[in-house]
Each structure stands twice: as C-alpha cells, then as structure tokens.
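A.B. asks: Need a 3D model of the following:
(chains A and B)
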Amino acid sequence: MTSTTGSAPASPATKTGRNEILYFALRNTKLLIGAFVFMVFLLGAIFGPMLATHEPLTFDAPPGLPPSAGYWFGTTLFGQDVFSQFVHGLRSSFIVGALGGITAAVIGMFVGFFAGYRGGIVDEVLNMLTNVVLVIPTFAVLLVVAAYLSVRGLGTEAMFIGLTSWPWAARAIRAQTFSLTSRDFVGMARLNGESTLRIIFGEIAPNMSSYLVMTFILLFGGAILTAATLDFIGLGPTDSISLGLMMNYSVMNAALQLGMWWWFVPPGLAITAIVGSLYVMNVGLDEVFNPKLRAL
Amino acid sequence: MLRYLARKLIIYLLTFIVAVTIDWAIPRFMPGNPIDALVSRIALMPDANAALTSYFMAAFNLDQPLWRQYLNFWSALFHGDLGRSIMLFPTPVTTLIGRALPYTLGLLLPSILLSWYVGNMVGALAARRKLLDNSVLPLGYLLTATPYMWLGILLAWVLGSTLGWFPLAFGYDQSLKAEWSWRFIGSLLYHWVLPFASLFMVALGGWAIGMRNMIIYELESDYANYLMALGAPQRLVRKYAFRNAMLPQITGLALQLGAVVGGALVTEIVFSYPGLGWLVLSGIQNQDYFVIQGVFLFIIVGVLLANLIVDIVYVVVDPRTRVGLQGDAA
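C.D. replies: Numbering: from 1, shown residues only, chains lettered A, B, ... in the order given. Below is the predicted model of the structure:
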C-alpha cells in the first residue's frame, strides 16, 4: 500500500510518453522478474488442467504416494492426484483474484472519484462509509457470511472479498482525484460544460491510469491471499478445489504428522510466489511510472 | 484533540452498529434457512431436540415483527447474551469464548507488538543502505506475500514433525492438568513458540518494507536536505526521519489489525491451538452458528477497542493533533 503513495499523477499521456514507459519497463529487473513469475503460474493455471491426466477430486490413484513419473506431485492420503488439484487450484486462485480485484477496484474507483471530485456532503458521506468498512475486520465479516452460505461458488467468494477490500483503494484514489481536480485542465472541462462522468473518466482517470493499474495489482494479490485464508478455514468454494482447500485437507488429515510435504508445500508456495510477484511488479511499475524513483 | 477523538469515536460507534446489524441480518436474510438446518441436525440427538427447537424460536423470536427482533437482539447483546453453543449444548457462547480468548490474546499481542517494533527497526536500518536493503527488501516482500497458515505449516513440518524440536499441536501437553504450576506454564510456553513465530514472521515483512519506504521518503524531504546541508551527522538526520516515519506506521498498525486477527485464526487452526480460531473452526464444522456469530462480535469489539487505543497513542505521539492542526486525516 505504502509503495504507491510516492507516485505523482503523470502528465497527459503522449506517444513519446508511452515509448518512454516501455523503454524503462523493459529495463526494470523487478518488473521483469515479477512479470515472469506471474506469467509462469498464469500459464500453469491456463494449460495445467489440460495436462493433468486425472480428475482433481476423484479417488483413483494409490494413496499417499510421493512425487513420481506417474503422479508428478504425488497423491493425497485418499488417492487423489495432487498435480491435478494444484493446477485446478491455481485456476481458482486467478479467477478469485481477478474477479475480487475487479469488484474492489470498481467500487474503490467509484467511491474515490466521486468523493474526491464532488467534495462537500458527497465526500463526507462516502468518506464515512469508507472509514467504517476500513475499520471493520473484514475477515470476520467474510467468516460469518460464508458460514451461512451452504453452497459457495468461486464467484460469490470473489464478490464478497471484493465488497470488503475496496476501502484503502477508495481512500488513495480519492486523495489523487482531489489533487487533480484543482488542475487547470479540469477547470477548463468544467467551463466547457462537460458532464461529471465525462470529466471523471475523460480527464481525471486517464491522468492517474498508472496509479489505477498499481491499485488493481495490489487488490488482485490481496484477494488471492484472503481467498486462501477463507478456504483454509473451511469456508471455500463447495463445488471446486482451491489452493487454500488443499492446505486445509492436508492439515486436517495429518499430512504434517505423516510428512507428506508434497501435499501442502506446492499450494502455499504457489500463493506466495504469485502474490510476491505481484508486489514486486508493483514496485517495479512504480519505478517505471515515477521518474523520481528511476535514478536509483 | 477532542474533535479528532470525537470524530474517531463516531466512526467506531457507527462501525459497531453496522457490525451488529450485519450479525443480526445475515441469519435472517441469507438464502436457505439456518434454523431448518440446525433443527434437522439436532434431530439426530432426540433428547436435545425439543429443548433446542423451542430455544431457537425464543432466541430468534421469529414470530415477532422484524424491528422488534432487531431491538431484542440489541438488548440480549447488552445483557452479555450471545446464545448457547450447539456442539456443547448448554454451554453459553460467552463461556466458550472466555476460555479461548487468553490463548488468542497471548498469541496476538506479543506477535503484533514485537513484529511492529522489530520490523520498524529493521526497515529503518535498511533504508538507503544498499547491502542490507538488498536482503531486507526481497525477504520482506516474500514474507508479506506468504499466507499465514502456510508459514505455520512449514514451521510445524520442519521444526515440529521432522526435527521434533517443538510440539505439533494443542495449547499445552494434554497429559497435564490445567493449573498454575511451573510445569504447566513451561508446557504452555513450549506450545506457544511455533504459532507465535509464524505470526511474528509474516507480519514482520510488511512493517519492515513500510518503514524502509517511509524513511527513504522522509530522507528526501526538505528538512532532511536542510539538515544535511548544515552538516548534521547522518545519525541525527535519520533520527528525525525515523520519528516522522513512525506516524504512518502507527496508523498502519490500526489498519492491519483485522488482517493479523485473521492470520491468528488460521495459525491456531494449523497448530490445533485452543484459541478463537480453533473455536471458529469447530463452530463451522458443527454448524454452530451462535459460536461463529459470537466470535465475530468479539473480534469486532476487540479490533475497535484496539483502534481506539492506537488513536489515543497517536494523539500522545503527534503533537499536531493536540493543537488542532490536522495530523492524520480521520
């Protein structure tokens, strides 16, 4: 969160500006490493399930096998293929991250833009709302909501995560909008009689697009982490497998005591790598977009 | 100062009302009928069936209009009545929570405070020092990206299962009686080490990165440049930078509380540690909704109280809030 605060709104994007960003992006090791790790797992999520020879949840393998040529990641205590669970779980993580991140970003942008642009009473009310949701331990809310849903899908999980994780984004976007609203080009647009929506999405949003991208990246990573935590506590999707559920099953079925590391190491490692790569990418992007940070 | 605290208090009060309303509304407006599910579950235990069915009707007051149900809910809350557990039937939920709370607090408080302190120190040291920074920064990002339960699982696997240095589960040696003896306290501490360590380490990374970034930001500011132009020693400049960088970190502490509490819950589950997390898990597994809702309310109240304490600390630490200048915008 703190890492994005340093970036000032960039000047209006021009063609040379875009080339310049690409120039620095291709020379930023943080961004490149982060993007590479992220892409590896993304490809795994897209194509992995096609490679898997077994269904993730059927019990058709010998139980408790360590990794081998037949079962790349071994099998669970009940004879399920861990590799298949892993790649399907990856897919779930990316879906929840994307949907949850988009939901949170849309709400955060809406609240942030309107609070920052309109000011006054609109700002007061939206700010109050933001503060309330910010203070509530959202994880506890998710816990109660999920506990009462007897059928849970990836979509609902992502939606609820999105509905609770937007406040810091709204705050940050509000602050940026605030500073942009006092600029001359916004005043000109207002004099031209443009509508509020047009000013927000035509004048203000494009000038903080880099900021919005970075906010989305952090929301994406946060949603993946929250989903994994919820799944681990036993409130994950009821109709599919996820990385958090894999960890839940392994811990609940004594994989630790039995030393079946192939059951619990891959899912946690994948989450750490994906979320970590997003954070590192975010720092890299910050350096690319913000000339002040480049000189280092 | 009073205005600042009053503003915060209003937000907390509002948050509390919203939280209680959520707690009240969810069982009533969610799709599906939890009472049906509960009663059908309890039908497996014939002797408890009749008593529980009538108890549910009374507890939910479902025959009354909604606004009255809502008021009843509040009144029960102020009487300290969070309902009775279903899995351990006549036990009140408050008793269960009271039993679990010391374990959770014993994990949470030291890990939050220590990770915050150590993380700030490490981050402050690492800022603008190439060698240290090159190891602190990647490690910090790795730790913040780690799911709480996974680090717990890894520690339990390596230090507990493989090396056998620490126990894998429970809050104390199950062959001991819970009493105030040295042996028991030793066992408590022994079982506390791993869950504490995993909570501490995950939280550490975020604080270190935050502090590092803040110090770099502060060292670029005018007052730092001016001090350096005057020829002030590095130590002094860094000291001022540190004191300024502390302020956002204090606010950050309040914001991170919810996430750390979530982390503590899952860490307890990994280690079968008898705190609130373990209670929630058994509540979920047994569809004991009163327990889940009770823990929910407890966490909310705890986090709000902690927020209030942080605010008071902030007023003490940041003189601007005292003289009425805006310090941290509410």
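A.B. asks: how about the CA coordinates for stretch B:222-240, as PDB?
C.D. replies: C-alpha atoms of stretch B:222-240 as PDB (Å, rounded to 0.1, in the frame of the first residue of the first chain):
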ATOM      1  CA  ASP B 222      13.200  19.400   2.700                       C
ATOM      2  CA  TYR B 223      14.000  19.300   6.300                       C
ATOM      3  CA  ALA B 224      16.300  16.300   5.900                       C
ATOM      4  CA  ASN B 225      18.100  18.000   3.000                       C
ATOM      5  CA  TYR B 226      18.400  21.200   5.000                       C
ATOM      6  CA  LEU B 227      19.900  19.300   8.000                       C
ATOM      7  CA  MET B 228      22.400  17.500   5.800                       C
ATOM      8  CA  ALA B 229      23.300  20.800   4.100                       C
ATOM      9  CA  LEU B 230      24.000  22.200   7.600                       C
ATOM     10  CA  GLY B 231      26.400  19.300   8.000                       C
ATOM     11  CA  ALA B 232      24.400  17.500  10.700                       C
ATOM     12  CA  PRO B 233      25.600  13.900  11.300                       C
ATOM     13  CA  GLN B 234      23.800  11.100   9.500                       C
ATOM     14  CA  ARG B 235      22.600   9.700  12.800                       C
ATOM     15  CA  LEU B 236      20.700  12.800  13.700                       C
ATOM     16  CA  VAL B 237      19.000  13.200  10.300                       C
ATOM     17  CA  ARG B 238      18.000   9.500  10.400                       C
ATOM     18  CA  LYS B 239      16.600  10.000  13.900                       C
ATOM     19  CA  TYR B 240      14.400  12.800  12.800                       C
END
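A.B. asks: tell me the mean pLDDT over that stretch?
C.D. replies: For stretch B:222-240, the mean pLDDT works out to 90.
A.B. asks: Going by neighbour count, which residues in that stretch are buried?
C.D. replies: Within stretch B:222-240, the residues scored as buried using 16 or more other Cβ atoms under 10 Å in any protein chain shown are B:224, B:227, B:237, B:238, B:240. All C-beta spots, glycine's among them, are computed from the backbone N, C-alpha and C.
A.B. asks: OK, contacts around the most centrally placed residue in chain B?
C.D. replies: The centroid of chain B falls nearest to residue B:261 when counting by Cα atoms, centre = their mean (2.1 Å). By Cβ atoms under 8 Å, 6 or more residues apart in numbering or on different chains, the contact set of residue B:261 is A:137, A:139, A:140, B:108, B:299, B:302, B:303.
A.B. asks: Show me the shaky parts of chain B.
C.D. replies: Applying pLDDT under 70 to chain B flags the ranges B:1, B:30-63, B:89, B:323-330.
A.B. asks: mind listing the helices in it by residue range?
C.D. replies: Assigned by DSSP state H, the helices in chain B fall at B:2-29, B:34-42, B:46-60, B:66-78, B:93-126, B:130-145, B:148-155, B:182-219, B:222-229, B:234-270, B:276-285, B:289-317, B:319-322.
A.B. asks: what's the angle from the longest one to helix B:148-155?
C.D. replies: Angle of helix B:182-219 versus helix B:148-155, following axes from the mean of the first three to the mean of the last three Cα atoms, to 10 degrees, is 120 degrees.
A.B. asks: Ok, the fifth one next?
C.D. replies: Calculated by the same axes, to 10 degrees, helix B:93-126 forms an angle of 80 degrees with helix B:148-155.
A.B. asks: For helix B:93-126, buried residues please.
C.D. replies: Here helix B:93-126 shows B:93-94, B:96-97, B:100-101, B:103-104, B:106-108, B:111-112, B:115-116, B:119-120, B:122-126 as buried, counting by 16+ other Cβ under 10 Å.
A.B. asks: same deal with stretch A:173-182?
C.D. replies: For stretch A:173-182, by 16+ other Cβ under 10 Å, it's A:173, A:174, A:176, A:177, A:180, A:181.
A.B. asks: Return the subset of those lying in helices.
C.D. replies: Among the buried residues of stretch A:173-182, the ones falling in helices (DSSP H) are A:173, A:174, A:176, A:177, A:180, A:181.
A.B. asks: Could you find the closest non-adjacent residue to residue 132?
C.D. replies: In the absence of a named chain, this looks at chain A. Nearest residue to residue A:132 in three dimensions, chain neighbours excluded: residue B:15, at 4.8 Å (Cβ to Cβ, 6 or more residues apart in numbering or on different chains).
A.B. asks: should've been chain B
C.D. replies: In space, residue B:132 is closest to residue B:126, 4.6 Å off (Cβ to Cβ, 6+ apart).
A.B. asks: Pick the one among the buried residues of stretch A:173-182 closest to chain B.
C.D. replies: Taking Cβ to the nearest Cβ as the measure, chain B lies nearest residue A:174 of the buried residues of stretch A:173-182, at 10.3 Å.
A.B. asks: quick one: contacts for the closest one?
C.D. replies: Counting by Cβ under 8 Å, 6+ apart, residue A:174 touches A:111, A:112, A:113, A:115, A:116, A:123, A:126, A:127, A:130.
A.B. asks: That one and residue B:132, how far apart?
C.D. replies: Residue A:174 is 35 Å from residue B:132, where distance means Cβ to Cβ, to the nearest Å.
A.B. asks: The buried residues of stretch B:222-240 into TSV, with extra columns for distance to chain A?
C.D. replies: Below are those laid out as TSV (distance: Cβ to the nearest Cβ, whole Å):
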residue	distance to chain A
B:224	15
B:227	20
B:237	19
B:238	18
B:240	19
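A.B. asks: of all those, which two lie farthest apart?
C.D. replies: B:227 and B:238 (10.0 Å; Cβ to Cβ).
A.B. asks: how near is residue B:220 to residue B:6?
C.D. replies: Remark: distance between residue B:220 and residue B:6 (Cβ to Cβ) = 35 Å.
A.B. asks: repeat for residue B:102
C.D. replies: For residue B:102, the distance to residue B:6 (Cβ to Cβ) stands at 33 Å.
A.B. asks: Apart from its neighbours in sequence, what residue is nearest whichever residue of the stretch 1-150 of chain B sits closest to chain A?
C.D. replies: Taking Cβ to the nearest Cβ, chain A has its nearest neighbour within the stretch 1-150 of chain B at residue B:150, 3.0 Å off. Once flanking residues are discounted, residue B:150 sits nearest to residue A:268: 3.0 Å by Cβ to Cβ, 6+ apart.
A.B. asks: Enumerate the residues of the stretch 1-150 of chain A near chain B.
C.D. replies: Contact residues, the stretch 1-150 of chain A versus chain B (Cβ under 8 Å from any Cβ of the partner chain): A:2-3, A:5-6, A:128, A:131-132, A:134-141, A:143-145, A:147-150.
A.B. asks: Just the buried subset of the residues you listed, written out for ChimeraX, thanks.
C.D. replies: This is how ChimeraX selects the buried members of the residues of the stretch 1-150 of chain A next to chain B, with burial counted by 16+ other Cβ under 10 Å:
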select /A:2,3,131,132,134,135,136,137,138,139,140,141,143,144,145,147,148,149
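A.B. asks: Stretch A:154-169 close to chain B?
C.D. replies: Yes. Against chain B, stretch A:154-169 shows contacts by Cβ under 8 Å from any Cβ at residue A:168.
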